[in-house]
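Colleague: Structure, please.
(chains A, B and C)
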Amino acid sequence: MYKTKINFFNPYKIALSGQAFRIAPIDGTHTELVSRGKYLQIADLGESVFAFSCGEEEFNNIWHNYFDLGRDYEGIARSVDPGDDFLVKATGFGSGIRILKQECFETVISYIISQRRSIPSITTCVDRLSSLCGGEVPVPDEVFKNDIFVSPLKEKYYAFPDASRVAELTADDLNRIGAGYRTPYIMRAAQDFNSGKLTYEGLDSLDDDELYKALTSMYGVGVKVANCIMLFSFARTGRFPVDVWIKRIEDKYYGGKFDETRYPGTAGILQQFMFYYIRKGSLEE
DNA sequence: GTCCAGGATCGGG
DNA sequence: CCCGATCATGGA
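Modeller: Modelled structure (predicted):
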């Protein structure tokens, strides 16, 4: 168990923010996730103090980066135009949300799956894919031994499969987990990552325009999914994905188009606040 | 049963 | 370049 104080960090909101599909709140103060082939539980102890179900070394090597804890989110919130009522509200409401640095292949496949589906439906499909061919991930003993933590939601957890495993699946396999018409998209993406035609390192070495071009040239990856991959896996925080929810915001509050060039390098982070607010904000009004 | 979902592709104008 | 039809399925 590693305990530390973190400002502007709210795992509960992050779990509900819809940017990742394998993180979930257990109750109001506990959140669990699987990433990097590991199970992690976080307990919110109040006063901005959090307990992680791992050692200090794992926290520093993996989770500090995963949760983007080195970035100044307070400064980003302060940079918002005070005359933009909607954005000010959204940023305040979502305070504590971080842009996760998710694994590349998982993000590509998850967002290919995401097209034209609701978030619960995406989660179901990604979970089915993981339990079909991802390796089982143990829950650390610490979760059961230390009463700071609570019982996990599920009995078993599975890593998101790597490209070699997904590349072995047949169209029937993918249809069975509910991939629907995205099945051929997933198959080709898995082949490209498995063959080495696409790699995280290769893609990450590209600048924004080149990366965008590389992603949108993939079969089944269009404008929106490419921007999500860039934002949620490559930390290209200037990218501004527009889905049906953001489009509604643009129509209602920004005359049809949000001027993302006003926030170079941070528009994507603000986008996530907007997305969270339009979907969850009304629940507390 | 109906409707919509963190859209992309394809063909045709 | 822009437009409309179409795509398979889960969840509300």
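
Colleague: What pLDDT is listed against A:M230?
Modeller: On the pLDDT scale, A:M230 is placed at 98.

Colleague: Check whether the strand or helix carrying it comes near DNA strand B.
Modeller: Assigned by DSSP states H and E, A:M230 falls within helix A:223-233. Yes. Applying Cβ under 7 Å from any atom of the strand, one finds that helix A:223-233 is in contact with DNA strand B at A:223-226, A:228. Every residue, glycine included, has its C-beta placed from N, CA and C.

Colleague: Quote the end-to-end distance of stretch A:82-100.
Modeller: This stretch, stretch A:82-100, spans 26 Å end to end (Cα to Cα, to the nearest Å).

Colleague: List the buried residues for it?
Modeller: Neighbour counts over stretch A:82-100 (16 or more other Cβ atoms under 10 Å) mark A:84, A:87, A:90-91, A:93-94, A:96-100 as buried.

Colleague: In helices, which of those appear?
Modeller: Counted as lying in helices by DSSP state H, out of the buried residues of stretch A:82-100, are A:87, A:90-91, A:93.

Colleague: how about stretch A:158-167: buried residues?
Modeller: A:158-163, A:165-167.

Colleague: Stretch A:216-236 too?
Modeller: Applying 16+ other Cβ under 10 Å to stretch A:216-236 flags A:218, A:220-221, A:224-236 as buried.

Colleague: wait, does that stretch make contact with DNA strand C?
Modeller: No. Stretch A:216-236 is not in contact with DNA strand C by Cβ under 7 Å from any atom of the strand; minimum separation 10.4 Å.

Colleague: Give me the contacts around that stretch.
Modeller: A:19-20, A:68, A:99-104, A:106-108, A:111-112, A:114-115, A:182, A:184-186, A:188-189, A:192, A:198, A:203-204, A:208, A:211-212, A:215, A:237, A:239-243, A:268, A:271-272 (Cβ atoms under 8 Å, 6 or more residues apart in numbering).

Colleague: What subset of those residues is buried?
Modeller: A:19-20, A:68, A:99-104, A:106-108, A:111-112, A:114-115, A:182, A:185-186, A:189, A:192, A:198, A:203, A:211-212, A:215, A:237, A:239-243, A:268, A:271-272.

Colleague: From the residues you listed, which land in helices?
Modeller: A:104, A:106-108, A:111-112, A:114, A:185-186, A:189, A:192, A:203, A:211-212, A:215, A:268, A:271-272.

Colleague: from the ones in helices among the buried residues of stretch A:82-100, which is closest to A:P25?
Modeller: If you rank those by distance to A:P25 using Cβ to Cβ, A:F93 comes first, at 16.7 Å.

Colleague: Please tell me how far the closest one sits from DNA strand B.
Modeller: Distance, A:F93 to DNA strand B, by Cβ to the nearest atom of the strand, to the nearest Å: 15 Å.

Colleague: With A:L203 instead?
Modeller: For A:L203 relative to DNA strand B (Cβ to the nearest atom of the strand), the value is 16 Å.
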